[in-house]
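**Q** Pasting the sequence and the predicted coordinates here, then a few questions.
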Amino acid sequence: MSALLELEDVHAAYGLSRVLFGISIEVNEGECVCLLGRNGVGKTTTMRSVMGLTPPSAGHVRFKSRDITGWPPHRIARAGIGFVPEDRRIFAELSVWENLDVAQRAAARPGRWTIESVIDLFPVLGRLHDRQGGFLSGGEQQMLTIARTLVGNPELLLLDEPSEGLAPLVVEALLAKIGELKAQGLTILLAEQGIEFSLALADRVYVLEKGAVRFAGSSAALRSDRNVLDQLLMV
Amino acid sequence: MFEVSFLFGQFLGGLTTAMFLFLIASGLSLVFGVMRVLNFAHGSFFMIGAYLAWQAVQWLAPALHSFWLAALAAALGVALLGGLIERLLLRHIYGREELYQLLLTYALVLILGDAAKIIWGTQQLSVSRPPMLAGGFQVLGATLPTYNLFIMLTGVAIAVAGWFVLTRSPAGRMVRAAALDREMLGALGANVGALYTGMFVASSFLAGLSGALVTPIQSIVPGMDVEVIVEAFIVVVIGGLGSFWGTFWGSVIYGQVLSFGILILPGFSLFSVFALMAVILIVRPWGLFGRPLR
């Protein structure tokens, strides 16, 4: 069986500064795979290159066996990949409901997730219905950005550092929600710096360093590999 | 001192100027607000609209509603021209330095200006008022031409409709989201390129329509493109570039300052508007309703 998402020797650069040096990873249907690594190792760029926001300068990205390398981001989104960016990118002057409505129309992929059902998942968004996105707390914005991507009914969710900058209690609540999504069968590619958050969710892990994959294996294998933990993750 | 009816007449005159300018400047402001493109050629679209309307009136002359058909045809023609320019030229300079935009849109000013001279010559052209709006009537002792009233109502109608579409419709929400974060909207699945084309076409349509509607009260001459773009820029500087209501109130203020400036400083009417713009640029460079650029 071929993977849902497959990156083959992907290189990427911002202008002249090269960031990815031949990343190859696979995400199978129903899996939660985590990209681990310190700041600046290329996790975000990997996600951006999957999404077409920073198109690969070499290599291939395949989704459901189709080569999507070089597609514009909106086509990739409509093919079924949902991106939740690290900095959340809420439309600050649009209300919570408007953020969700715009996303639903943009993706135009009807399915299990509707504005009503994402509010059931994150009830706090229902209470903040008419609040402007810019006036939400960090945790509320994180829930909104996940909900906003979900209403497009992606088959694969790219979650870039969802726990960043959030209070421990909020992180715990978020972890439970993402766990719920995973249990419902959503395929997730997660980028994280925090090892606890990621190992709580991930089936498999890729550890990145300097734009290349340094470790690939199951979460259990990573837990017992002191070398990788010490050298690449400083834990 | 001045009589009430005279002052009221000045007020109405100012309001007519204002609503004309709003029709023109709203498209300019919208394109800047969403696409971050400062389109110098917007005045040229206005001029092409006027010439196309004249041309269409010549062809349609005997028909009863020829003026309205001509105005619609002119606006559609300019919308098409705008769409082509966006697709073939502007598209390539998004995200580049502003200097490229300035050069490109200024080049369009020169090209369209010369093209108009080649096609329609340099003599003044004029279009007569549509018969159904030919007369005028008295309000508080001042005479208001029916056509001017029509322009005022059109301006207000476009303002209300524009506001409604932007704040209450799905398309308006999409446009506001694009103005806030184009890349994110694309990553959510929206075809922002097509949205930009649509915005530019709508803006060109408004420019062409105002060009067509100005023909019954102003003669069509080469140079009207540059004159109107300067006025439109003053309006958006006063109101705040990219702000919808800022453009509306900027137009109203411009019209009134121009209208009453003539009374205080005859012969220096334009000076009063420029002075106002200078004061605003010093005190509040982002305009009355605008926001400081991030």
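**A** Structure received. Residues are numbered from 1 along each chain as shown, chains lettered A, B, ... in the order given.
**Q** For whichever strand or helix holds residue B:5, buried residues please.
**A** Element membership of residue B:5, judged by DSSP states H and E, is helix B:4-35. Neighbour counts over helix B:4-35 (16 or more other Cβ atoms under 10 Å in any protein chain shown) mark B:7-35 as buried. (Each C-beta comes from the backbone N, C-alpha and C, glycine too.)
**Q** And stretch B:239-252, by the same measure?
**A** B:239-244, B:246-252.
**Q** before we move on, what about stretch A:219-231?
**A** For stretch A:219-231, a neighbour-count test (16+ other Cβ under 10 Å) marks A:219, A:222, A:228, A:229 as buried.
**Q** near chain B, which residues of chain A?
**A** Proximity of chain A to chain B, by Cβ under 8 Å from any Cβ of the partner chain, involves residues A:51, A:53, A:72-74, A:77-78, A:83, A:85, A:89, A:91-94, A:98-99, A:101-103, A:105-109, A:148-149, A:152.
**Q** mind listing which of the residues you listed are in helices?
**A** Among these, the members found in helices (DSSP state H) are A:51, A:73-74, A:77-78, A:98-99, A:101-103, A:105-107, A:148-149.
**Q** where's the helix or strand in which residue B:252 is found relative to the chain centroid, distance-wise?
**A** If you go by DSSP H and E, residue B:252 is part of helix B:244-264. Put simply, helix B:244-264 sits 14 Å off its chain's centre (Cα atoms, centre = their mean, to the nearest Å).
**Q** quick one: is that helix near chain A?
**A** No - Helix B:244-264 is not in contact with chain A by Cβ under 8 Å from any Cβ; minimum separation 12.7 Å.
**Q** Counting by contacts, list what that helix packs against.
**A** Helices and strands touching helix B:244-264, by 3 or more Cβ pairs under 8 Å, 6 or more residues apart in numbering or on different chains; DSSP states H and E, are helix B:4-35, helix B:146-168, helix B:224-239, helix B:269-283.
**Q** I'd like the average pLDDT over the first one.
**A** Okay, so that is helix B:4-35. If you average the pLDDT over helix B:4-35, you get 92.
**Q** Show me where chain A has its helices.
**A** Using DSSP H, the helices of chain A run over A:43-51, A:73-79, A:96-107, A:115-121, A:123-127, A:138-150, A:168-183, A:195-201, A:219-223, A:226-228.
**Q** Going by mean pLDDT, which of those comes out lowest?
**A** Minimum mean pLDDT among the helices of chain A: helix A:226-228, a mean of 79.
**Q** Tell me the buried residues in stretch B:108-125?
**A** Using 16+ other Cβ under 10 Å as the test for burial, stretch B:108-125 gives B:108, B:109, B:112, B:113, B:116, B:120, B:125.
**Q** okay but the second one is in contact with residue B:44, surely?
**A** When you say that, I think you mean residue B:109. Yes - look at residue B:109 against residue B:44 with Cβ atoms under 8 Å: they come within range, at 5.2 Å.
**Q** Could you pull out the residues contacting both of those two?
**A** Taking Cβ atoms under 8 Å, 6 or more residues apart in numbering or on different chains as the criterion, residue B:109 and residue B:44 both touch B:225, B:229.
**Q** ok, back up a step: buried members of the residues of chain A next to chain B into PyMOL, please.
**A** Burial among those is assessed by 16+ other Cβ under 10 Å; the matching PyMOL selection reads:
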select buried, chain A and resi 51+53+73+74+77+78+83+85+89+91+94+98+99+101+102+103+105+106+107+109+148+149+152
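**Q** wait, what's in contact with residue B:109?
**A** By Cβ under 8 Å, 6+ apart, residue B:109 lies in contact with B:40, B:41, B:43, B:44, B:225, B:226, B:229.
**Q** ok, now residue B:200?
**A** Residue B:200 touches B:31, B:35, B:82, B:83, B:85, B:86, B:90, counting by Cβ under 8 Å, 6+ apart.
**Q** redo that, cut-off 6 Å
**A** By Cβ atoms under 6 Å, 6 or more residues apart in numbering or on different chains, residue B:200 lies in contact with B:82, B:86.
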